[in-house]
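*Asks:* what follows is a predicted protein model with its sequence.
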Amino acid sequence: MALILPVKGVSPVWGYDCFIAENSTIVGDVVMGDNCSVWFNAVIRGDVNYIKIGNNTNIQDGAVIHCTYLKAGTDIGNNVSIGHNALVHGCTLKDHVLVGMGAIVMDNAVVEEYCIIAAGAIVLENTICETGYLYAGIPAKKIKPITDEQKALLNKLPNNYIMYSKWFTDPSE
């Protein structure tokens, strides 16, 4: 069973039809929408500030979602995919964003709609990642506009994770 804990009397809540892996951790002021998935060894720590997650968002294996005490909560939109071992900290991810495997997005950064943060990239504090671009590197820089294929992937990937989660909750899927 997943580790779900209140912090200072505030417990995590989530919407309809969410998959939460049995070895994931969700604590404190976390509000998650419908059709979300939190995968194996992922940690969502709303202990020092809030974390809000929209609908159809997947937090993949080993990812960490956190925030900063008295400074920066974390807002994650709809149809967001947070890759394996990524770190999302005190920032805003708008709708249809992909944070690649091992990437880091720091405090007060804003990743606008239809952005891809490449695997291993580090988005520094207060960075604004503009709609429709791929960002890569350390520190992350705007590389090029996303292609139509990449935009289609941003639309499709959350639905794939909804399907994958059904494999664990409904054996007929």
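*Replies:* That came through, no problem. Numbering: from 1, shown residues only.

*Asks:* which stretches of this structure form helices?
*Replies:* For the chain, the helices defined by DSSP state H cover 148-169.

*Asks:* middle-most residue in it, spatially?
*Replies:* Geometric centre of the chain, nearest residue: I82, 4.1 Å, by CA atoms, centre = their mean.

*Asks:* mind showing which ranges of this structure have poor pLDDT?
*Replies:* For the chain, applying pLDDT under 70 flags the ranges 173.

*Asks:* look through it and tell me its longest strand.
*Replies:* Using DSSP state E, we find that the single longest strand of the chain is strand 43-53.

*Asks:* what's in contact with it?
*Replies:* Contacts to strand 43-53, defined as CB atoms under 8 Å, 6 or more residues apart in numbering, come from residues 7, 10, 12, 24-33, 36, 38, 59, 63-76, 80, 90. Bear in mind the C-beta positions are built from the backbone N, C-alpha and C, glycine included.

*Asks:* what do you get for stretch 142-157?
*Replies:* Identification of contacts with stretch 142-157 by CB under 8 Å, 6+ apart yields 58, 79, 81, 96-98, 114-116, 118, 129-130, 132-137.

*Asks:* report the buried members of the residues you listed.
*Replies:* 58, 79, 81, 96-98, 114-116, 118, 129, 133-136 (16 or more other CB atoms under 10 Å).

*Asks:* nearest to M106, of these?
*Replies:* Within these, proximity to M106 (CB to CB) peaks at C129, which comes in at 11.7 Å.

*Asks:* contacts only, for that closest one.
*Replies:* By CB under 8 Å, 6+ apart, C129 lies in contact with 109-112, 115, 117, 123, 135, 140, 142.

*Asks:* ok, back up a step: list the buried ones in the longest strand of the chain?
*Replies:* 43-49, 51-53.

*Asks:* one more: stretch 16-32?
*Replies:* For stretch 16-32, by 16+ other CB under 10 Å, it's 18-21, 24-30, 32.

*Asks:* alpha carbons of that stretch, as PDB, please.
*Replies:* The C-alpha trace of stretch 16-32 is given here as PDB (Å, rounded to 0.1, in the frame of the first residue of the first chain):
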ATOM      1  CA  TYR A  16     -11.600   9.800  -9.700                       C
ATOM      2  CA  ASP A  17      -9.800   6.900 -11.200                       C
ATOM      3  CA  CYS A  18      -6.300   7.600 -10.100                       C
ATOM      4  CA  PHE A  19      -3.600   4.900  -9.900                       C
ATOM      5  CA  ILE A  20      -1.200   5.200  -7.000                       C
ATOM      6  CA  ALA A  21       1.600   2.600  -7.000                       C
ATOM      7  CA  GLU A  22       2.000   0.700  -3.800                       C
ATOM      8  CA  ASN A  23       5.500   1.900  -3.000                       C
ATOM      9  CA  SER A  24       4.900   5.600  -3.900                       C
ATOM     10  CA  THR A  25       4.700   8.300  -1.200                       C
ATOM     11  CA  ILE A  26       2.200  11.200  -1.100                       C
ATOM     12  CA  VAL A  27       2.100  13.500   2.000                       C
ATOM     13  CA  GLY A  28       0.600  16.700   3.100                       C
ATOM     14  CA  ASP A  29      -1.100  19.400   1.100                       C
ATOM     15  CA  VAL A  30      -1.400  17.600  -2.200                       C
ATOM     16  CA  VAL A  31      -4.500  17.900  -4.400                       C
ATOM     17  CA  MET A  32      -4.600  15.800  -7.600                       C
END
